[in-house]
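A.B. asks: A structural model of the following input is requested.
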Amino acid sequence: MNKGKKRSGWRKLGRALLFIFGSFLLLLIALIIYVVSVGHIHPPDIADKRALKLERKPLDSTAYTIGNNWFRKSNSGLYEMYIEGKPFDRGVIYGKLSAELVKRQEDNFTDQIKKMIPSQSYLKFLRYFVGFFNRNLANNIEEENKEEIYGISFSASDKYDFIGTNYERLLNYHAAHDIGHALQNMALVGCTSFATWNDASADSSLIIGRNFDFYVGDKFAEDKVIAFYHPDKGFNFMIVTWAGFTGCASGMNQAGLTVTINADKSKIPTGSATPVSLVAREILQYAKNIDEAYAIAKKHTMFVSESFLIGSAFDNRAAIIEKTPDSMELYDPKKNFITCTNHFQGENFKATPENIRQRDETASGYRFERLTELLKEKGPNTVQNTVDILRDRFGLHGKDIGVGNEKAINQFIAHHSVVFEPKKKLVWVSTAPWQLGEYVCYNLDSIFSMHGLQTDHEVYDSSRMIAPDPFMQTKAFTNFKVYRSLKVAAQAGVDLDPGMIPALDPEFYHAYVVAGDYAFRHGDLQRAKVFYERALTKVIANKSEEIHIRKQIELCNKKS
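C.D. replies: A predicted model of the protein is given here:
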């Protein structure tokens, strides 16, 4: 009798568990269907799609035209493009002119993501996460931007359909900067920007310099595009970008207004809003002064915190729009220069605990001090001085802190480096590697007055070029390139002597961390501990790195 009751009890328990499991499975399926459905983004309705019938005309092996629009590869290694017309037409022409580059850049981007996240299951989860996170993305983007991105999407590759449609992918890529720095609060992109004017500049004119330290692999940074836009509405403008991306990280319009963006500390957001780069793009296209730039930024909600350094020929000064998902303010230093790294300086934000931690526990505060120090040392600023500062690889008081240290202004990861002279409508853009190659000068007035592309003439101003950095000819630079290769090999588990790594960059703390991590993984705890302890004697980029090093030393002691 008792045995029968037990069997009956087990059957009831089994049915209950089966019911619970079945309910959970149905809930999970429903959730996946919901995420997929809300993650789908419908493209804008375009009444006139005649631009899709246009064909590009080759001028030579590296130059193409469609009507007045053109695309070419300069002998500097930079790609240059001129686009005009209505939003959808601009996008279609952009895509057709640079189709190979649009496809190659997505390959480079996805290859780097796979290196960072080798797990296929996690990549699939990330796809659904991004889809859900950005479920309202299209509602927060201006119709003009959506139409232009939709136009480009016709030239994107079909091999990534498993991620989303061409339009969905390109739209989401415009939010990649925001999602990346929201999910990696301990590893923000570490950009640096500054401006001088009046008696802080040698000729009293406004000069702006910036490093865009956004690293998605070496290949991604190879194919920079200097895009010149003549839109049907707003100001003509230029941006330094990559194929398929229409947002602004660094740019100047024909009214002499410049925009550069610097990431700041953010909480993990709960939903999508307007991507930072598209806010910057709207400012560039429609603002002629600082007040108009502020008004445009104010009308948008963003899901991350960002500093927009605005330079204005109209005002002959620069200011920083500091914006969080909840509030914003205009920071005006009331001086003749301004500096910006990755923390806020305005009254509303500078004393908040999270901003203080960001300033003191990351490389931002140290880099800010070094930037201020260099501006004082150099005296009245010039374009050449600005380039020299952007290339500076040392720490405070000129201390050798290792090549590639995040606390240096030149971290050797820059996608691009730019100098602007807004009143003269001049912009200098760095060439590879990083900001060490020559800076190519473009005159916006000259380019926007061109009548078609002449293949036997470069469009840049060759008389204003800035020479390459002599550092490229040194043994230290050669060693740094070898160090980067060995670092990749060590992290991939290739058999090597870890002592070779710090020998190539002996003042760089991270070289000892890479060597220590390699020795630790291979069970050589005594040697790993020596590397970690050596790292602690160097200038460490941020608090989280120091914590990692000390934890590894504790683990070495425990396991020994």
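A.B. asks: quick check, distance from stretch 482-499 to the centre of its chain.
C.D. replies: Computed by Cα atoms, centre = their mean, to the nearest Å, the chain-centroid distance of stretch 482-499 equals 26 Å.
A.B. asks: residues contacting Asp60?
C.D. replies: Contacts for Asp60 (Cβ atoms under 8 Å, 6 or more residues apart in numbering) come out as Thr455. For every residue, glycine as well, the C-beta is placed using N, CA and C.
A.B. asks: May I ask which helix or strand of the chain has the lowest mean pLDDT?
C.D. replies: Ranked by mean pLDDT, DSSP states H and E, the helix or strand of the chain with the weakest confidence is helix 2-39, at a mean of 50.
A.B. asks: Quick check: what element follows it along the chain?
C.D. replies: As assigned by DSSP states H and E, the chain's next helix or strand after helix 2-39 is strand 57-60.
A.B. asks: Paired strands for that next one, with orientation please.
C.D. replies: Paired with strand 57-60 in the same sheet, following DSSP bridges, are strand 63-66 (antiparallel).
A.B. asks: Just the CA coordinates for the partner strand, please, in PDB.
C.D. replies: In PDB, the C-alpha atoms belonging to strand 63-66 read as follows (Å, rounded to 0.1, in the frame of the first residue of the first chain):
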ATOM      1  CA  ALA A  63      38.300  56.400 -58.800                       C
ATOM      2  CA  TYR A  64      34.500  56.400 -59.700                       C
ATOM      3  CA  THR A  65      31.800  58.900 -60.400                       C
ATOM      4  CA  ILE A  66      28.000  59.100 -60.500                       C
END
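A.B. asks: Run through who's touching it.
C.D. replies: Under the criterion Cβ under 8 Å, 6+ apart, residues 54-59, 70-73, 93, 96-97, 452-453, 455 lie in contact with strand 63-66.
A.B. asks: Could you identify the buried members of those residues?
C.D. replies: Arg56, Leu59, Trp70, Phe71, Arg72, Lys73, Ile93, Lys96, Leu97, Leu453 (16 or more other Cβ atoms under 10 Å).
A.B. asks: and of the contacts of strand 63-66, the nearest to Asn542?
C.D. replies: Asn542 lies nearest to Lys73 out of the contacts of strand 63-66, by Cβ to Cβ, at 37.9 Å.
A.B. asks: Please tell me how far that closest one sits from Asn443.
C.D. replies: Look at Lys73 and Asn443: by Cβ to Cβ, to the nearest Å, they are 20 Å apart.
A.B. asks: name the element Ala528 belongs to?
C.D. replies: Ala528 belongs to helix 525-535, assigned by DSSP H and E.
A.B. asks: For Ala195, give me its contacts.
C.D. replies: For Ala195, the contact set (Cβ under 8 Å, 6+ apart) comprises Leu206, Ile207, Ile208, Gly209, Leu309, Gly311, Arg317, Ala318, Phe337, Ile338.
A.B. asks: Look at the fifth one and report its pLDDT.
C.D. replies: Pointing back at Leu309 there. Leu309 carries a pLDDT value of 98.
A.B. asks: May I ask you to confirm that it belongs to a strand?
C.D. replies: Yes: if the criterion is DSSP: H, G, I helix; E, B strand; the rest coil, then Leu309 is within a strand.
A.B. asks: Could you count how many residues lie near it?
C.D. replies: Neighbour count of Leu309, defined by other Cβ atoms under 10 Å: 24.
A.B. asks: same question, the fourth one
C.D. replies: Burial measure for Gly209: 26 neighbouring residues, criterion other Cβ under 10 Å.
A.B. asks: After the helix or strand where Tyr229 lies, which helix or strand is next? Please name it.
C.D. replies: Per DSSP H and E, Tyr229 falls inside strand 224-231. Per DSSP H and E, the first helix or strand lying C-terminal to strand 224-231 is strand 237-242.
A.B. asks: Lowest-confidence one in the buried ones among the contacts of strand 63-66?
C.D. replies: Leu453 (89).
A.B. asks: Now name the helix or strand holding the residue nearest to it when sequence neighbours are not counted.
C.D. replies: Residue nearest to Leu453 in three dimensions, not counting chain neighbours: Trp70, with 4.0 Å by Cβ to Cβ, 6 or more residues apart in numbering. Taking DSSP H and E as the criterion, Trp70 maps to strand 69-73.
A.B. asks: What of Ile338?
C.D. replies: Assigning secondary structure by DSSP H and E places Ile338 in strand 337-340.
A.B. asks: Excluding its own residues, what touches that strand? List them.
C.D. replies: Strand 337-340 is contacted from outside by 192-197, 200, 262, 307, 309, 318-320, 331, 368, 371-372, 375, 381, using Cβ under 8 Å, 6+ apart.
A.B. asks: Among these, name the ones in helices.
C.D. replies: Cross-referencing the contacts of strand 337-340 against helices under DSSP state H gives Phe368, Leu371, Thr372, Leu375.
A.B. asks: most neighbours, which of the residues you listed?
C.D. replies: Counting neighbours by other Cβ under 10 Å, Leu371 leads these with 22 neighbours.
A.B. asks: Quick check: that residue touching Ile409?
C.D. replies: Yes: contact between Leu371 and Ile409 holds when scored by Cβ atoms under 8 Å: they sit 6.1 Å apart.
A.B. asks: Mutual contacts of those two, please.
C.D. replies: By Cβ under 8 Å, 6+ apart, Leu371 and Ile409 have these common neighbours: Thr192, Ile389.
A.B. asks: Report how many residues lie close to Ser485.
C.D. replies: Ser485 sits with 11 neighbouring residues when counted by other Cβ under 10 Å.
A.B. asks: and it, what helix or strand is that in?
C.D. replies: helix 475-491.
A.B. asks: which helices and strands does that helix pack with?
C.D. replies: Counting contacts by 3 or more Cβ pairs under 8 Å, 6 or more residues apart in numbering; DSSP states H and E, helix 475-491 packs against helix 500-504, helix 509-521.
A.B. asks: residue closest to the middle of the protein?
C.D. replies: The centroid of the chain falls nearest to Phe214 when counting by Cα atoms, centre = their mean (3.6 Å).
A.B. asks: Please tell me how far that one sits from Phe245.
C.D. replies: Here the criterion is Cβ to Cβ. By it, Phe214 lies 11 Å from Phe245.
A.B. asks: Repeat that for Pro502.
C.D. replies: Distance, Pro502 to Phe245, by Cβ to Cβ: 37 Å.
A.B. asks: Next: Gly437.
C.D. replies: As judged by Cβ to Cβ, Gly437 and Phe245 stand 22 Å apart.
A.B. asks: who has more neighbours, the two?
C.D. replies: A count of neighbours by other Cβ under 10 Å puts Phe245 above the other of Gly437 and Phe245, at 23 against 19.
A.B. asks: OK, contacts around Trp428?
C.D. replies: Trp428 makes contacts with Val383, Val387, Val418, Val419, Phe420, Tyr439, Val440, Cys441, Tyr442, Arg464, Ile466, as judged by Cβ under 8 Å, 6+ apart.
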